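> Quick one, what's the 3D model for this:
(one chain, ligands or ions: 2)
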Amino acid sequence: MNPPVALTIAGSDSGGGAGIQADLKTFAALGVFGTSAITALTAQNTVGVRGVHAVPAEFVLAQAEAVLEDLPVAATKTGMLATAGIVHAVAKLAAAGRLPSLVVDPVMVASSGDRLLEPAAERLYVAELLPHATVVTPNLVEAEVLVKGSIGTLAEQREAAVALGALGPSVVVVKGGHAVSDAAGEAVDVVWDGSTIHELRAPRVDTPNNHGTGCTFASAIAAGLAKGLAVTEAVTAAKTYVQRAVTAGARWSLGAGHGPLDHFA
Ligand SMILES: Nc1ncnc2c1ncn2[C@@H]1O[C@H](COP(=O)(O)OP(=O)(O)O)[C@@H](O)[C@H]1O
Ligand SMILES: Cc1ncc(COP(=O)(O)OP(=O)(O)O)c(N)n1
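Ligands and ions are numbered 1, 2, ... in the order given. Okay, here's the model as predicted:
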């Protein structure tokens with residue numbers, strides 16, 4: 001029997017911890033056949049991003065269309081989209097109904113602090129891409145940019161999730177890997193499912209090896225959707241998967257900075 005197929009539209013992380021590399025490892029670990037459209041090459045390691053070489057938007061589309069016209073893609077995930085041109089092109093594809101079960105991880109800045117998205121592209125997420133998302137998964141900083149407000153408490157994280165829901169996605173997850181003041185010892189993600197809010201909590205793993213957590217979480221959601229899970233089930237399963245990968249990756253010592261997760265734990 002054929003495996004389910006998922007497509008990731010994201011950037012390459014030469015260090016292997018985040019981006020396309022994390023997405024494809026996640027898909028494979030979860031029994032999903034992964035395909036990709038690469039938006040940018042990054043010269044990156046666990047310490048930081050040394051350079052970004054964006055792919056022209058037309059060639060990102062050419063990759064996605066080559067995959068979509070041949071393979072039975074059941075779920076899609078976007079990560080680093082790099083430029084306003086690429087966000088616009090991907091949004092047009094989504095608006096045409098070509099990107100099934102779309103998980104949008106609005107990657108803006110790496111954990112090292114390096115920018116991964118042109119500032120001019122931020123407003124296009126709101127205006128063009130989020131209305132077509134099945135799930136959007138901003139971290140706290142990305143949620144602050146998208147809702148134009150600051151998030152310092154769990155109550156504000158919840159308010160941001162509701163505000164993002166008004167922008168069009170079916171489900172919103174405001175991730176709490178970057179702690180808020182009243183979530184001591186836990187990584188708390190706030191989920192708005194279209195009508196109600198709930199929290200996904202897990203013990204915060206004390207480790208520097210957290211590079212690629214966001215990419216891994218969003219791809220795990222896409223993998224769950226490709227396998228036919230309901231959206232909130234896919235989100236819950238992704239939280240369990242990322243917790244396992246962070247916990248196992250904490251045993252590793254790869255690189256001098258923020259090391260990768262163990263996707264095959
Ligand atoms: N140290 C940690 N321990 C446990 N879970 C974590 C940790 N860091 C991040 N997570 C989880 O990983 C997922 C990605 O979150 P986050 O790190 O906020 O995203 P991003 O990588 O986009 O900044 C979330 O489910 C979050 O709760
Ligand atoms: C090519 C590329 N894409 C995305 C990221 C960011 O990864 P993410 O998992 O969102 O977060 P950090 O671990 O970097 O905080 C990246 N670094 N490179």
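> Which residues are in contact with S253?
By Cβ atoms under 8 Å, 6 or more residues apart in numbering, the residues touching S253 are G259. Glycine gets a C-beta too; all of them are placed from N, C-alpha and C.
> What does it show for phi and psi?
S253 adopts backbone torsions of phi -140, psi 70, taken as degrees, to the nearest 10.
> ok, now A256?
Dihedral pair for A256: phi -90, psi -10, per degrees, to the nearest 10.
> Count the neighbours of it for me.
A256 is flanked by 10 other residues according to other Cβ atoms under 10 Å.
> Nearest residue to it in space, please, no chain neighbours.
Nearest-residue entry for A256: V47, 5.7 Å, with adjacent residues in sequence omitted and distances by Cβ to Cβ, 6 or more residues apart in numbering.
> Same check on A94?
What sits nearest to A94 in space, not counting adjacent residues and going by Cβ to Cβ, 6+ apart, is H132, at 3.7 Å.
> Hmm, L102 and the one you found touching each other?
Yes. With contact defined as Cβ atoms under 8 Å, H132 reaches L102; the gap is 6.0 Å.
> Find residues that contact each of these two.
By Cβ under 8 Å, 6+ apart, H132 and L102 have these common neighbours: A94.
> Compare the two (neighbour count), which wins?
A direct count of neighbours by other Cβ under 10 Å for H132 and L102 places L102 higher, at 26 against 21.
> ok, now which ones touch that one?
Taking Cβ under 8 Å, 6+ apart, we find L102 in contact with 75-78, 94, 132-135.
> Quick one: mean pLDDT for stretch 220-238?
Average pLDDT, stretch 220-238: 98.
> What separation is there between V180 and I86?
31 Å (Cβ to Cβ, to the nearest Å).
> Those two - which one has more neighbours?
Higher neighbour count among V180 and I86: I86, with 29 against 18, using other Cβ under 10 Å.
> Leaving out the residues flanking it, which one is nearest to the more buried one?
A57 is the one closest to I86 (Cβ to Cβ, 6+ apart), at 4.8 Å.
> from what I can see the one you found touches A91, true?
No. Applying Cβ under 8 Å, one finds A57 not in contact with A91, separated by 10.8 Å.
> and the stretch 51-200 of the chain, which residues reach ligand 1?
Selection of the stretch 51-200 of the chain residues close to ligand 1 by Cβ under 6 Å from any ligand atom yields 139, 175-178, 187, 189.
> Who's the closest spatial neighbour of the spatially most central residue of the chain, skipping the chain neighbours?
Nearest to the mean C-alpha position of the chain, by Cα atoms, centre = their mean, lies D105 at 3.2 Å. Closest residue to D105 apart from its sequence neighbours, by Cβ to Cβ, 6+ apart: A218 at 3.7 Å.
> Look at that neighbour and tell me its secondary structure.
helix (DSSP: H, G, I helix; E, B strand; the rest coil).
> ok, which stretches of the protein are strands?
Applying DSSP state E to the chain gives strands spanning 5-13, 33-44, 49-54, 73-78, 102-104, 135-136, 171-174, 186-192, 197-203.
> if I look at the residue lying closest to G19 once chain neighbours are set aside, how far off is V191?
Of all residues not flanking G19 in the chain, D13 sits nearest, at 3.7 Å (Cβ to Cβ, 6+ apart). Taking Cβ to Cβ as the measure, D13 falls 27 Å from V191.
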